[in-house]
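**Q** got a sequence here, can you model it:
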Amino acid sequence: MQSLLRLPALATPDGRAPCVLLPDWPAIAGVRALFTTRQGGYSAAPCDSWNLGEHVQDEPRHVQANRDLLHAVIGQLHASAPAHAQPRPAPQPHYLQQIHGCDVWALEGGAPGSAAALPQADAVWTASPGQVCTILVADCLPVLWAHRQAPVVAATHAGWRGLAGQAGGGVLEHTFAAFAQAVRRWLQAHNRPDADADERAIARHTQVWLGPCIGPQAFEVGDEVRQAFAAHAPAQHVTTQHVTIQRATAQSSEDWGRPDWGDIPLWSPSPQHPQRWLAHLPGLARQRLAQLGITQVYGNDGTRPWCTFSQETLFFSHRRDSARLGRTGRMAACIWLG
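**A** Next up is the predicted model:
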């Protein structure tokens, strides 16, 4: 089951309490993660109200207040971790200039002080406690990574361009390559018996959580998108059109349903527009993760409760809101080490 956590103690002066989604994966000691919703915060329509994006023509003072609110939420969750017997400073979120590419940033120590200096990347990893890997989304797929043996975490912004990538190497493959290298360095530094583990061995102990994104009922694309995946998919997946995932049968965002295994089409013909397709973004991500040897994948199964387009009261959606309102806000996926 997913957990929607509302934090009334951090409500805005007009009573808007921030609401976050907590990943449903098995707990790993020292790892904390969250996904923000649009609820809570200071922004006015159409970015109401917890917009974290600086690039969406929102009032800068509102964005800063919303980012301060995220910092406070992270601090509250961080302080509630059992390992912290004494108060600790709240970990600081670090943002990227996301460009729908495949570059990965290593977050070690401090971060650039100005927006102009932010790294251009669509993924970030860290092995440093107190540094929050943060990516922003509003239909693209947020992907969080953690390892069960080494204290390494990562976050990835996976839109369709980054996910498709080039020559079988998209943003997930690039993230995992950097993540696995960091895990191996930690294992070697601590003289672990599996210090020389290859990527397949590291993958077996890697957990991934897929957050909310635009769902297959709403993500209509042209054939060029489907062809991009066919052209750049790993060799054994070029002709694969289905993926087996754990589906949910939830009826609302508060009820995430009973799991039930099923064979899910990655591409379905659009019922309204010939020559166009409904793409299953989380299914395509699961396919790529399986190719990497990662089988511990949790979260988004493509059902309606996970769909940013469909769940208007919970999530921003670029496709839904930009068409009607001209712009929309951004939500954050965050992961950090205690």
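
**Q** so who does residue 220 touch?
**A** Neighbouring residues of residue 220 by CB atoms under 8 Å, 6 or more residues apart in numbering: 270, 272-273, 276-279. Any C-beta I mention is one placed from the backbone N, CA and C, and that applies to glycine too.

**Q** distance-wise, check it relative to residue 160.
**A** Taking CB to CB, to the nearest Å as the measure, residue 220 falls 12 Å from residue 160.

**Q** residues that sit against both of the two, list them.
**A** Counting by CB under 8 Å, 6+ apart, the common neighbours of residue 220 and residue 160 are residue 279.

**Q** just the buried ones among the contacts of residue 220, please.
**A** Buried subset of the contacts of residue 220 (neighbour count, 16 or more other CB atoms under 10 Å): 276-279.

**Q** I'd like the next helix or strand past the host helix or strand of residue 20.
**A** Taking DSSP states H and E as the definition, residue 20 sits inside strand 19-22. Using DSSP H and E, the helix or strand that follows strand 19-22 in sequence is strand 31-36.

**Q** quick one: strands adjacent to that following strand?
**A** Strand 31-36 has its sheet partners listed here by DSSP bridges as strand 19-22 (antiparallel), strand 331-337 (antiparallel).

**Q** ok, and what's touching that strand?
**A** 5, 18, 20-23, 50, 52, 70, 73-74, 77-78, 81, 142, 144, 146, 151, 153, 209, 211-212, 331-338.

**Q** filter those residues down to the buried ones, PyMOL style.
**A** In PyMOL, a selection of the buried entries from the contacts of strand 31-36 looks like this (16+ other CB under 10 Å):
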select buried, resi 18+20+21+23+50+52+70+73+74+77+78+142+144+146+151+153+209+211+212+331+332+333+334+335+336+337+338
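
**Q** quick one: residues contacting residue 304.
**A** So residue 304 contacts 215, 217, 250, 310-311 (CB under 8 Å, 6+ apart).

**Q** tell me the one of the contacts of residue 220 nearest residue 187?
**A** Distance to residue 187 across these (CB to CB) is lowest for residue 279, with 37.0 Å.

**Q** lowest average confidence, helix or strand, in the chain?
**A** Ranking every helix and strand in the chain by mean pLDDT, DSSP states H and E puts strand 242-248 at the bottom, with a mean of 55.

**Q** and which of the buried ones among the contacts of residue 220 is nearest to residue 178?
**A** For these, the minimum distance to residue 178 (CB to CB) is 26.2 Å, reached by residue 279.

**Q** mind checking how far that closest one is from residue 188?
**A** Using CB to CB, residue 279 is found at 40 Å from residue 188.

**Q** next: residue 204.
**A** 18 Å.

**Q** repeat for residue 325
**A** In this view, residue 325 and residue 188 are 51 Å apart by CB to CB.

**Q** center of this protein, which residue is that?
**A** By CA atoms, centre = their mean, the chain has its centre lying nearest to residue 142, at 1.8 Å.

**Q** which residue ranges of the stretch 201-338 of the chain form helices?
**A** 223-232, 281-292, 318-325 (DSSP state H, counting those that start in this stretch).

**Q** what helices and strands are in contact with the first one?
**A** Looking back up the chat, that one is helix 223-232. If you count contacts as 3 or more CB pairs under 8 Å, 6 or more residues apart in numbering; DSSP states H and E, helix 223-232 packs onto helix 160-164, strand 276-279.

**Q** buried stuff in that helix?
**A** 225-226, 228-230, 232.

**Q** export the residues you listed to JSON lines and tack on pLDDT?
**A** Output for the buried residues of helix 223-232, formatted as JSON lines (pLDDT from 0 to 100):
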{"residue": "225", "pLDDT": "97"}
{"residue": "226", "pLDDT": "96"}
{"residue": "228", "pLDDT": "94"}
{"residue": "229", "pLDDT": "93"}
{"residue": "230", "pLDDT": "89"}
{"residue": "232", "pLDDT": "75"}
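
**Q** run through the stretch 101-250 of the chain and note the low-pLDDT ranges.
**A** Applying pLDDT under 70 to the stretch 101-250 of the chain flags the ranges 110-116, 168, 233-250.

**Q** what about the strands in it?
**A** All strands of the stretch 101-250 of the chain, identified by DSSP state E, counting those that start in this stretch, fall at 104-106, 123-126, 131-137, 141-147, 153-158, 206-210, 220-222, 242-248.

**Q** what lines up beside the first one in the sheet?
**A** Here strand 104-106 is paired, per DSSP bridges, with strand 123-126 (parallel).

**Q** what does the partner strand contact?
**A** Contacts of strand 123-126 (CB under 8 Å, 6+ apart): 94, 96, 102-108, 133-135, 145, 152-157, 171, 174-175, 178-179, 182, 336-337.

**Q** ok, now with 6 Å
**A** Residues outside strand 123-126 that contact it (CB atoms under 6 Å, 6 or more residues apart in numbering) are 104-105, 107, 133, 154-156, 171, 175, 178-179, 182.

**Q** thanks again, I'm all set now.
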